[in-house]
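S.K.: Give me the fold of what follows.
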Amino acid sequence: MTDTEIALLDGLISDVGNRRCRPGTLAFYLTKLARSGGYLARAADPPPGNVVIWRGLSRLTDIELGAEIGAAGNVGN
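M.R.: Next up, the predicted model:
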């Protein structure tokens with residue numbers, strides 16, 4: 001994961017629900033990515049599957065592109 005993706009996940013997805021993972025690890029950010037794809041991260045839930053990871057990655061890519069366009073100043077009339 002790039003620094004931009006990590007920063008976006010930290011800003012958008014709260015750390016609540018990542019009780020099993022240490023902050024800053026790949027498993028921690030994989031859970032955050034899955035949560036953006038619809039994974040609920042409840043205590044009794046199994047690990048996230050391919051579908052929710054794919055949805056989260058797709059959503060993160062869209063958010064990252066939007067952030068880059070907004071930072072470039074090419075938005076508006």
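S.K.: leaving aside the residues next to it on the chain, what's closest to Pro48?
M.R.: Nearest residue to Pro48, sequence neighbours excluded (Cβ to Cβ, 6 or more residues apart in numbering): Ala34, at 3.4 Å. The C-beta positions use only the backbone N, C-alpha and C, and glycine is treated the same way.
S.K.: contacting residues around that neighbour?
M.R.: Counting by Cβ atoms under 8 Å, 6 or more residues apart in numbering, Ala34 makes contact with 41, 48, 52-53, 56.
S.K.: Restricted to helices, list these.
M.R.: The helices, defined by DSSP state H, take in 52-53, 56 from the contacts of Ala34.
S.K.: which of those has the most neighbours?
M.R.: Neighbour counts for these (other Cβ atoms under 10 Å) peak at Gly56, which has 23 neighbours.
S.K.: Count the residues that sit near the closest residue to it other than its chain neighbours.
M.R.: Excluding its sequence neighbours, the residue lying closest to Gly56 (Cβ to Cβ, 6+ apart) is Gly37, at 3.0 Å. Neighbourhood size, Gly37 [other Cβ under 10 Å]: 18.
S.K.: Over to Pro48?
M.R.: Each residue near Pro48 was counted by other Cβ under 10 Å, and the total is 20.
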